[in-house]
Every structure is written in C-alpha cells, then in structure tokens.
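Colleague: structure, please.
(2 chains)
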Number of protein chains: 2
Amino acid sequence: VSAFERVVVAGAGAFGTALAIIADKAGRKVTLVARDGSQAAAISERRENARYLPGLTLAPSIDVTNDHAPFRKADVVILAAPAQATRTTAAALAKKMPAGTPVVAAAKGIEQGTAKRQTEIIMELLPECRPAVLSGPGFAEEIARGLPTGVTIAANDLALARAISAALKTETFRPYASDDPIGAELGGALKNVLAIACGVIAGRALGESARAALIARGLGEMMRIGATFGAKAETFMGLSGVGDLVLTATTQHSRNTAFGMALGGGERLSELLRPGAPLAEGAHTARVAAEIARRHDVDAPIIAAVAAVIDGKLSVDEAIEGLLSRPLTQELT
Amino acid sequence: VSAFERVVVAGAGAFGTALAIIADKAGRKVTLVARDGSQAAAISERRENARYLPGLTLAPSIDVTNDHAPFRKADVVILAAPAQATRTTAAALAKKMPAGTPVVAAAKGIEQGTAKRQTEIIMELLPECRPAVLSGPGFAEEIARGLPTGVTIAANDLALARAISAALKTETFRPYASDDPIGAELGGALKNVLAIACGVIAGRALGESARAALIARGLGEMMRIGATFGAKAETFMGLSGVGDLVLTATTQHSRNTAFGMALGGGERLSELLRPGAPLAEGAHTARVAAEIARRHDVDAPIIAAVAAVIDGKLSVDEAIEGLLSRPLTQELT
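Modeller: Reported below is the predicted structural model:
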C-alpha cells in the first residue's frame, strides 16, 4: 500500500486525464477535478475525455468532478492545468488543503510577466504545501495508452519524491525520483526554446546533422543557465533534460517545433505571434532565458538567437549566419 | 595559413570523399587516396564519387589517386575507411609517413575480435604517429552539400586537436576541439548499440516517449561505461556523445536503427546476422560493451539487453519486459 493513497488531479486536459488514468492503474484512489461542471459531467458520463484525450477510457474507479472538496483529503495533489493557468488554479486551491500536502507541478513553462517557475507560483499561493515537479518526456496519449514512459519526479526532499514516484508507478509508467526540482523544471521550460530552433532548422531544410548538433550544443546552454539557479548538471543529462529535449525537438507534435518550422519556412513573425495563435511556450521562455544568460554572463548563443528573432531584432537568416560565424571554442566551455 | 597545409584522406567512401571536399573548401591542399586504381581514376575523371557520394562535385584542386606517395608529405592524414577495415588501411601506411604525423580516425566502431578502439589500432600499427579522432553527428552527404555540421576533433594534446580543427573548418563545417579522444571514440561506438534499441522501440511501435526515455537513460549508460576508460562525462554531453546518439537513433538512414527496427518488427536474428547482411556495427559493439560493463560492475541494462538479444539469450519481448520490471532507482545512479 502506498503512503499516498488519495491522488487528486487538478486540470482535465490531456495530460491531467492521462495522469489520472495512470494513478488509477497504479492502484490509487483517484479524483480528476475539471474546471467546470459540464466538462466534469461529460467526462464522468462517457468515461472519456472526448475533447482532449479521445479514444481512451477512464476506469469507473476514477471520480470526475468540479467540486473542490476532494482536495481536503488528498494525500497528493497534481496540478495539470496549462503552465500559464497555474496561478489561477493554485489560487483557487488556497486554504482548501491541509498544511504539508504535496503539490506536484505537472505543467512546463515559465510564467509570462513574472518569469516565475511553476513551483515558485505554487509556493507563492500555497505556501504551506510541499511542492514537487513531474517532468520528462511523455506524450499524454502515449502515457494513457500504456506505452512505456519514463519521467522525473523531483522534490527538495528526496524521500517525498520517492513516495510520489512509488504512488504513481505502473508497469509501463516509470517515475524516477530526483532531489533537483529546479533542474527538472528548467529542463522542461528551456527545451521549448531549443525546440523552436530545431523547428527553424527543419523549416529551412538545413539537415538532420545540423539539428543533432543544435541539440547537443543547446543541452550545454541549458546546463549553463541551470547552473546559475543551482540546478545540477546531471538533471539535464536525464529524462527531464535531454530526454524531454529530444522528444520535443524531434517530433512533429510539438507546438514549439511547429512554431519554429513555420518561422524557418518563411511565415511572418507578426502572424505567428498574433493574439489567439496557438501558444508556443518557448517563444516566451526564450526572452526570459536570454535575459538570465546575459545577466549572469553565461554563453547561450542559440537561446539568445531565438530570443532576438522573436523580438524582431534579427532575421532568421541573420541568426543562422551569426551562429555559424562564431569563433570555434573548445567543446562545453 | 593553416599549420597543416597538406591533408591526405585515406578511403574514398562517402565519408572520406565528403571530408576531402570539406578540407578543399577549407583551403587545404587535398589528396583523396582510394583503395584501387580504377576507383581513383573514375572519381578523378568524373570529379564525382558516383558509387558512394553521387551528385556531389569534387573541385579540380582535389587530387584523387591510389598512390601512397602523398602520405610521405602529409601534414595530417585522415583515415576514413570503414571501422573494420582500419587495421588493413593502417597496416598499408606503416613506414610511409614521417614520425609525428597526425593521423585522424574518422571511422566509428570497435574492432571485431580484438575489441580495440580505432586509435588503439592506429597506435598498434603506426606507433610513431600522433593519433586523433574525428567524431560527432554528420552525414557525409549533408557535410559535402555544405549544410551546417558540428563535429568533435579530439586528441590527447589539445593543441593538436585545435590545429586539426582550424585546418578543416569551413563556413558550415565546424569542428570543436577536445582533449578526450577516448570519450569521443566511445561515444561514436556505443551510440550504435543504443540506436539498435531505439530501432526495436520503433519496430514494436512503442512510441516516441519511450524512445526519448531510452536515449536519456542510454546516455547515462554510455557515460558510466566511458568512465571506466577514463573518458570525461562532458564529452558524452557534447557533439560526439548525445549529438551523435540523437542523430543516429532518430534517423531512418542508420543501419543500426534499421537493424533494430527489423528486430523489433519480428525478423529473425539469424537472418539479420547472416554472412553478407549489411553490417550493423552496434551488434558487435553491444557484446563488447556489455562485457566491459559486467567486468567493471557498471549498471548498463539497455546495452546488456541488446547484447543478450543479439546473443540469442533473450527474446525481444523478454528484453523489453526485463527493462520495464527493473526496480526504480534515483536518476543517474
């Protein structure tokens, strides 16, 4: 029996629904909390999240509701709303959980405007909780279908990360515990910037070798920026670093890669960034990350180039030209 | 003007031809030495390697020959024959070069039978040369077409690696210097084993998340095995490690990935390993690497699983089952 028996997932998007299905398979008592009553009723009745995760069945044992009462008895809460909605979601949970409740940030991204990480937002609004991070390479649909997946669950307290991992582990869903939540969060956020760059390479038809080189060089940039936050280098070499980077940057299914491909293919920036266009988290993260690198005098030319293109300061061609004309240094220095 | 003016490339396959084209673009005086006279004459006359690199032009300034005289005046020699032919190629060059000539191993792979790395073979047969390694993510065709590529050039003497890098650098071909030739060689060899595993995942339709997790976990195995040879962890985080791994494991063009896909898709091992079948270097490297891991008590379950499947000790299903049922540890331990 797991120490964490009752799992409550906040956010009934694709990822939240997939995690609810997994936690149920892992043997937990699961509640999936949707934002509104009609969404909860539809999922509960059909046993399917037809809008966000069609074709996958929710077992009868999963409660689906929009009621917040289950949070009071939660052994662990997973926040699975989109990254930019974490503040609203967390705010709605204030004073609805006992002190010390573990709250797992499952969304990836830096908050626009504040530049805060997911756990920073959580600690601001739920200061009495014990924050943790779920990150790493996993598509919601593949997770829910029971395809093999490995993710990182990180908390400052390694024992907490281990207990959450044990509570969610199934035959195919393998969460590895880590004591570096900052590194896990930064990996999940920064890889979106590099996915945009990889998309540009694909959009410009610059080849698979160039993409692989960019992933390797970009990983170094992630590690150097991470180090300024005290993140561990090893974290970036693991699932939530290179694993997530590889998945995002080599798939067609990533919004960030698609954004980069459109940019590389010649679409106008103003069109791609217009209000209402699909959100590419990496476009916002690029600015924040480039600013941090500049402030700490960290070498991050790929991230800086993505930020400069998005800010309209460089054309795509100028950015590529700039990267290729840099003096050659020793590797990883 | 480069310190290394005369570049002689031994081996007129796709990669050797591409490197000759690059060295010429870099401004060097280049000789491409083919194995036999008719091949040399055909390439020299057509200014094209129609067999191995069709559609790409060799500038008139590149000498193509099967004569070994140019080795005597070479400032740097690049061995670009296939990995399993390096012994023969190096043996033919014995006493044909002045002492101290830099010899760059451009092939990737462990020698069958002896389990030696490329530079070990070179040092055995050409003990007076200064060995170096060219490794990293680069398809010959993309390199020759002038698409952006980043590679690692490694030598125990960093100044030598830098001088070779400077001699070969063009606007699009970017060699980064490293002082870890063992790490660079091992990355190039071990990634083939993981590419087979990634191919199996694709052949079994286990999903992109599983492949990304395998790449991240496999990178850790490469680093741990590398450490037993004194290789640096950073090298595996760079172009010749994660860069080459990503390129090989995510492309359709790799023989190792194709071998894994066939295996995962249900083709018989005996058929895949029959004499005359296309050589998947990783199939041989797997055994050697698994043996090294066992001897040094290093945790390398993916590499061990590939070796066990190739040795007929486990079925593909048993291997996958075995990997998924391992106890969960902390990441990277």
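Colleague: SS state for the residue nearest the centre of chain A?
Modeller: In chain A, the centroid-proximal residue (Cα atoms, centre = their mean) is A:K108; its distance is 2.4 Å. Secondary structure, DSSP: H, G, I helix; E, B strand; the rest coil: A:K108 is coil.
Colleague: ramachandran angles for the closest residue to it other than its chain neighbours?
Modeller: Distances taken as Cβ to Cβ, 6 or more residues apart in numbering or on different chains put A:G188 closest to A:K108, at 3.5 Å, once the chain neighbours are dropped. Using the backbone N, CA and C atoms, a C-beta is placed for each residue, glycine as well. The phi/psi pair for A:G188 (degrees, to the nearest 10) reads phi -60, psi -30.
Colleague: and A:G188, how far is that from B:A85?
Modeller: 44 Å (Cβ to Cβ, to the nearest Å).
Colleague: where along chain A do the strands fall?
Modeller: Counting by DSSP state E, chain A forms strands over residues A:6-10, A:29-33, A:48-49, A:53-57, A:63-65, A:76-79, A:102-105, A:130-135, A:149-154, A:173-178, given from the N-terminal end onward.
Colleague: among these, which is nearest B:G265?
Modeller: Between B:G265 and those, the shortest separation by Cβ to Cβ is 21.5 Å, and it involves strand A:149-154.
Colleague: partner strands of the closest one and their direction?
Modeller: Paired with strand A:149-154 in the same sheet, following DSSP bridges, are strand A:130-135 (antiparallel), strand A:173-178 (parallel).
Colleague: pick the most deeply packed of the ones you listed.
Modeller: When neighbours are counted by mean count of other Cβ atoms under 10 Å in any protein chain shown, the highest per-stretch mean among these falls to strand A:130-135, a mean of 28.
Colleague: run the chain-centre distance for that strand.
Modeller: In terms of Cα atoms, centre = their mean, to the nearest Å, the centre of strand A:130-135 is found 11 Å from the chain centre.
Colleague: same question for stretch A:315-326, mean pLDDT?
Modeller: For stretch A:315-326, mean pLDDT rounds to 90.
Colleague: from the chain's centroid, how far away is it?
Modeller: Here stretch A:315-326 shows a centroid-to-chain-centroid distance of 28 Å under the convention Cα atoms, centre = their mean.
Colleague: again with stretch A:115-122
Modeller: Averaging C-alpha coordinates over stretch A:115-122 and over its chain gives two centres that are 12 Å apart (Cα atoms, centre = their mean).
Colleague: do stretch A:276-283 as well
Modeller: When distances are taken as Cα atoms, centre = their mean, stretch A:276-283 is centred 14 Å away from the chain's centroid.
Colleague: quick one: contacts of that stretch?
Modeller: By Cβ atoms under 8 Å, 6 or more residues apart in numbering or on different chains, the list of residues contacting stretch A:276-283 from outside reads A:82-84, A:108-110, A:189, A:191-196, A:255-256, A:258-259, A:271-273, A:306, A:310.
Colleague: the same query, at a cut-off of 6 Å, please.
Modeller: Residues outside stretch A:276-283 that contact it (Cβ atoms under 6 Å, 6 or more residues apart in numbering or on different chains) are A:G109, A:N192, A:V193, A:A195, A:I196, A:R255, A:N256, A:F259, A:I310.
Colleague: nearest to chain B among these?
Modeller: For these, the closest approach to chain B (Cβ to the nearest Cβ) belongs to A:A195, at 12.3 Å.
Colleague: quick one, what contacts the nearest residue to the closest one once chain neighbours are set aside?
Modeller: Excluding the flanking residues, the one nearest A:A195 by Cβ to Cβ, 6+ apart is A:N256, at 3.9 Å. When the contact criterion is Cβ under 6 Å, 6+ apart, the partners of A:N256 are A:N192, A:A195, A:I196, A:A280, A:G282.
Colleague: report the separation between the third one and A:G266.
Modeller: In this case it means A:I196. Relative to A:G266, A:I196 is positioned 15 Å away (criterion: Cβ to Cβ).
Colleague: more crowded one of these two?
Modeller: With neighbours defined as other Cβ atoms under 10 Å in any protein chain shown, A:I196 and A:G266 compare such that A:I196 has more, 34 against 9.
Colleague: ok, the more buried one touching A:G260?
Modeller: Yes: distance between A:I196 and A:G260: 3.9 Å, which falls inside the contact criterion (Cβ atoms under 6 Å).
Colleague: need the contact list for A:F259.
Modeller: With contact set as Cβ under 6 Å, 6+ apart, A:F259 has these partners: A:I196, A:A280.
Colleague: gap between it and B:E208?
Modeller: In this structure, A:F259 and B:E208 are 19 Å apart, going by Cβ to Cβ.
Colleague: likewise for A:A99?
Modeller: Using Cβ to Cβ, one gets 40 Å for the distance from A:A99 to B:E208.
Colleague: more neighbours: these two, which one.
Modeller: Legend: neighbour count by other Cβ under 10 Å for A:A99 and B:E208, higher for B:E208 (22 against 9).
Colleague: next, please give the residue ranges for the helices of the stretch 151-300 of chain A.
Modeller: Along the stretch 151-300 of chain A, counting by DSSP state H, counting those that start in this stretch, helices occupy A:158-168, A:181-203, A:208-228, A:233-236, A:244-250, A:255-264, A:269-272, A:281-295.
Colleague: for B:S44, which of those helices is the nearest?
Modeller: helix A:208-228 (27.3 Å).
Colleague: what packs against the closest one?
Modeller: Using 3 or more Cβ pairs under 6 Å, 6 or more residues apart in numbering or on different chains; DSSP states H and E as the contact criterion, the neighbours of helix A:208-228 among helices and strands are helix A:181-203, helix A:233-236, helix A:281-295, helix A:301-310, helix B:244-250.
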